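> The sequence and its predicted three-dimensional model are supplied below.
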Protein chains: 2
Amino acid sequence: MQRGTNLGRLGDFNQAVIFESIRRAVDGVSRVELAGSTGLSPQTISNVVRRLLDEGLVREDRTIVSGPGKPRTVLELEANRMVAVGIHLDPGVITVVILNLRGEILHSRRLDIPAVENPEKTIETMALTVDEIIAESGVPRANVLGVGVVVPGPLDPERGVMIDPPLLDGWKDVDMVGPLHRLLKLDVVIEKDTIAASIAEQWKGNDAERDNFVTMYIGAGIGAGMVLNGEIHRGISNNAGEIGHFSTGVVAQECDICGRNDCLHASLAFNMIAQKARDRGLNLTVPDDGNAAERAAGMVELVRLAKAGNEAAVELIRECMGHVGQVAGQLCNTLDIGLVILAGPLWSEVGEWCLEDLRAIINDRFSSKNVHTIEVRSSTLGHEVGAIGGACAIMDASLSPKAAALLLR
Amino acid sequence: MQRGTNLGRLGDFNQAVIFESIRRAVDGVSRVELAGSTGLSPQTISNVVRRLLDEGLVREDRTIVSGPGKPRTVLELEANRMVAVGIHLDPGVITVVILNLRGEILHSRRLDIPAVENPEKTIETMALTVDEIIAESGVPRANVLGVGVVVPGPLDPERGVMIDPPLLDGWKDVDMVGPLHRLLKLDVVIEKDTIAASIAEQWKGNDAERDNFVTMYIGAGIGAGMVLNGEIHRGISNNAGEIGHFSTGVVAQECDICGRNDCLHASLAFNMIAQKARDRGLNLTVPDDGNAAERAAGMVELVRLAKAGNEAAVELIRECMGHVGQVAGQLCNTLDIGLVILAGPLWSEVGEWCLEDLRAIINDRFSSKNVHTIEVRSSTLGHEVGAIGGACAIMDASLSPKAAALLLR
């Protein structure tokens, strides 16, 4: 049912808008500039800024002279006043970061956890690491906005539970949010890895790019994250972006999950890649029927060969990533967006050889190419993109102005 | 850049919210019920309702007694106070409808235009038909909100131009909005057919279903329309929903548009369907290398055979529509929505044989089936769905409350 709005909602929203504008102004911003950029009255700006100064979120200790008239006071973000923590649980590795209000990484940790199949133990280790990283940052615990935990889907964010992640054995129906909240006494939210990557890109990107894009997240699995009309698209159960079983149009082998023989997941199955590698005279020592961690190790070996200048290895990697481009092109046709960002642990390793290919494939497959082209680029956030997204999700929920929040509940 | 909001915006928005609530209340609604459903104060409700009564958009000539206390006055929509016109230009037929504020069809026309390859002449005929249908409705011209023209994509809605519709010969770079506006002296907007079908479903659907769904529009071509988080998703150039060249996973024949051999368009190419029909002993008399209109006639013939009880014809139709289900399933995985509506001129004819199949295919292909199922149903709007969507687009733009409209420009 459609809801109305009132003055109380309006005040909170305008405060969020003004804080967001100050947060995004890298070189600071004056009250006059804020009035121009937000459309709000000088009186409203003045009242809200006073509140932000009182709360210590903003400081004003510089003036700038531009033309005649009295110098303008510059408002600047007190970037380390509040922080947020992000944890990314990947089948291969756990990454923990702590971000300040500007989205800058204050500290980060990378844990190679062999006990990843033991959820209880792993969650305890995660909590200990969060405690350590908060202590390291020197920020008082009261100023920690919360913890965003990033995991492979499917998940149920309302119950805080991982449902049945196909690449994480032993993590069926695991309550993630409950235990972490009990151990840490902090707000905890759970977010899907592919969606978290998009949140990270949205927070770190510049204005023109933030409103409509798709992130292709390429790690142990492959998924998409979408920002549409400026909002993260999560779907009705927070599981949007499941593109792993799209048909690529090229027969590969029978998929062990969906049963089709031409889906993206089957096209990137490591046993098939290993067979192709052998057929082309490449010698991969990793067993091709292993678990997720061993498959990941196999890809690392293939990448190592490519980095050493082996042409056949580079060629095989380009072939695999080409399938991702086909699917990304289909997403552009579906959503009519203008930007694809390629991200994730595997892409960080192979992007240098494949970016040009994917740019061509995606634009070739785009039906409305008479109307506009698609920009295709690599994430600059590296292997920490998921964890950064978790921390940004917490900040997004606490700080970002949302038009929908104007409506009465 | 993020914008703030103020009291002026707030008043317009709340008026739209209240009018929308009255518009959707089929049996009328009292002021007390409005306060409950919108969250607004009795004073705000009272002021806005007074304005709506003055403008003749609402009437109050009934009271209801429920329990003790004084009877409540029922507010009811003056449904025919304003109207909107929708025109749907399809390769085979032109449909024109005029809708009242409740979304009810007051009159409709169906034009079989042989001169569809002559844009200038066709647009003149469309304008004449709009004049006739407005006269027929008896509503004063000043109370016509505008005209929504619905066409196949790609299109440029800002210039009001059809760019290069693949199934409409002779309609490259045709200005549709300019001439219609000059001829009719009414507001004219242009909307893509697949998107218009979703707008129609959103306006005619009930509350629970209006926020997240995909419409698969199946006519001469196939496209998708999306409603996400309560808003029509148009994409950055208003060309969202181009799913015609998704890989289906089944090799068909080389596509005359994209060149792949397993895309949805190729799987539904009429020459191939005709060949399969012959292979199965069905005798279709329509040439299989004809233009769009002849191909459409061929499908009509196949449907006629199926209706006459020919099992092989029914089987072939189910096979074709199965490919649409595969692609719809991929869209559900991408977007994580819970409802697929099947619509469009061809689906109106064949839905009875295929709905159960598609329900099974879509749910089977859905990755998050542990989390929720997908409801799959046929549109109830028949062959007029596109034209209804055009009229609803005009009403949507003029009347619906949009949280984004709260922001200062």
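Perfect, thanks for sending it.

> quick one: buried residues of the worst-scoring helix or strand of chain A on mean pLDDT?
Least confident helix or strand, chain A: helix A:292-307 with a mean of 81, by mean pLDDT, DSSP states H and E. Neighbour counts over helix A:292-307 (16 or more other CB atoms under 10 Å in any protein chain shown) mark A:292-293, A:295-299, A:301-303, A:305-306 as buried. Any C-beta I mention is one placed from the backbone N, CA and C, and that applies to glycine too.

> Name the nearest of the residues you listed relative to chain B.
residue A:292 (17.3 Å; CB to the nearest CB).

> Throw the buried residues of helix A:292-307 into JSON lines and include distance to chain B, thanks.
Formatted as JSON lines, the buried residues of helix A:292-307 follow (distance: CB to the nearest CB, whole Å):
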{"residue": "A:292", "distance to chain B": "17"}
{"residue": "A:293", "distance to chain B": "23"}
{"residue": "A:295", "distance to chain B": "20"}
{"residue": "A:296", "distance to chain B": "21"}
{"residue": "A:297", "distance to chain B": "26"}
{"residue": "A:298", "distance to chain B": "24"}
{"residue": "A:299", "distance to chain B": "22"}
{"residue": "A:301", "distance to chain B": "29"}
{"residue": "A:302", "distance to chain B": "26"}
{"residue": "A:303", "distance to chain B": "27"}
{"residue": "A:305", "distance to chain B": "30"}
{"residue": "A:306", "distance to chain B": "27"}
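
> show me where pLDDT drops low in the stretch 201-350 of chain A?
A:206-209, A:286-294 (pLDDT under 70).

> Break down it into its strands, ranges please.
Taking DSSP state E, counting those that start in this stretch to define them, one finds strands in the stretch 201-350 of chain A at A:213-218, A:222-228, A:231-233, A:339-343.

> Out of the ones you listed, which one sits most buried?
Counting by mean count of other CB atoms under 10 Å in any protein chain shown, strand A:213-218 has the highest mean neighbour count of those, with a mean of 28.

> Direction included, what does that one pair against?
Using DSSP bridges, strand A:213-218 pairs in its sheet with strand A:222-228 (antiparallel), strand A:339-343 (parallel).

> if I pick residue A:165, what's in contact with it?
Residues near residue A:165 by CB atoms under 8 Å, 6 or more residues apart in numbering or on different chains: A:151-155, A:171-172.

> related to what we said a few turns ago, for residue B:103, find the nearest of the strands of the stretch 201-350 of chain A.
strand A:222-228 (26.1 Å; CB to CB).

> Only alpha carbons, please: show that closest one as CSV.
The C-alpha coordinates for strand A:222-228 follow below in CSV (Å, rounded to 0.1, in the frame of the first residue of the first chain):
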residue,chain,number,x,y,z
ILE,A,222,30.3,-16.5,-11.0
GLY,A,223,27.5,-14.1,-10.2
ALA,A,224,26.3,-10.6,-11.1
GLY,A,225,25.5,-7.6,-8.9
MET,A,226,23.2,-4.9,-10.3
VAL,A,227,22.8,-1.2,-9.5
LEU,A,228,19.6,0.1,-11.3
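
> can you list the strands of the stretch 201-350 of chain A in CSV and add distance to residue B:97?
Converted to CSV, the strands of the stretch 201-350 of chain A look like this (distance: least, CB to CB, whole Å):
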stretch, distance to residue B:97
strand A:213-218, 36
strand A:222-228, 30
strand A:231-233, 32
strand A:339-343, 38
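
> Nearest residue to residue A:375 in space, please, no chain neighbours.
Among residues not flanking residue A:375 along the chain, residue A:339 sits closest, at 4.7 Å (CB to CB, 6 or more residues apart in numbering or on different chains).

> again with residue A:221
Using CB to CB, 6+ apart, the closest residue to residue A:221 is residue A:167 (5.5 Å).

> mind checking the SS state of the one you found?
coil (DSSP: H, G, I helix; E, B strand; the rest coil).

> Let me know how buried it is, in neighbour terms.
Residue A:167 has 18 neighbouring residues, counting by other CB atoms under 10 Å in any protein chain shown.

> any idea how far it is from residue A:120?
Going from residue A:167 to residue A:120 by CB to CB, to the nearest Å gives 19 Å.

> which other residues reach stretch A:39-57?
A:14-15, A:17-19, A:22, A:31-32, A:34-35, A:38, A:58-60, A:75, A:77-78, A:81-82, A:101, B:3-4, B:6, B:407-409.

> Compare the strands of the stretch 201-350 of chain A and give me the one nearest residue B:125.
strand A:222-228 (37.6 Å).

> contacting residues around residue A:126?
Here residue A:126 is in contact with A:87, A:89, A:94, A:96, A:149, A:180 (CB under 8 Å, 6+ apart).

> and the gap between it and residue A:177?
12 Å.

> Could you do residue A:270 as well?
From residue A:270 to residue A:177 the distance is 32 Å (CB to CB).

> Against residue A:145, how distant is the residue nearest the centre of chain A?
Nearest residue to the geometric centre of chain A (CA atoms, centre = their mean): residue A:197, 1.5 Å. Distance of residue A:197 to residue A:145, computed by CB to CB: 20 Å.

> swap in residue A:185?
14 Å.

> Kindly report the residues of the stretch 1-150 of chain A close to chain B.
A:1-7, A:10, A:13-14, A:17-18, A:20-21, A:37-41, A:44 (CB under 8 Å from any CB of the partner chain).

> May I have the phi/psi pair for residue A:258?
As for residue A:258, its main-chain torsions (degrees, to the nearest 10) stand at phi -100, psi -20.

> what does the one 3 residues further on give?
The main-chain torsion angles of residue A:261 are listed as degrees, to the nearest 10 and equal phi -110, psi 10.

> check contacts around it.
Neighbours of residue A:261 in contact, by CB under 8 Å, 6+ apart: A:251-255, B:249.

> Next: residue A:320.
A:267-268, A:273.

> what about 6 Å?
residue A:268 (CB atoms under 6 Å, 6 or more residues apart in numbering or on different chains).

> From residue B:332, how far out is it?
Taken as CB to CB, the span from residue A:320 to residue B:332 is 26 Å.

> and residue A:170, how many residues sit next to it?
With other CB under 10 Å as criterion, residue A:170 counts 11.
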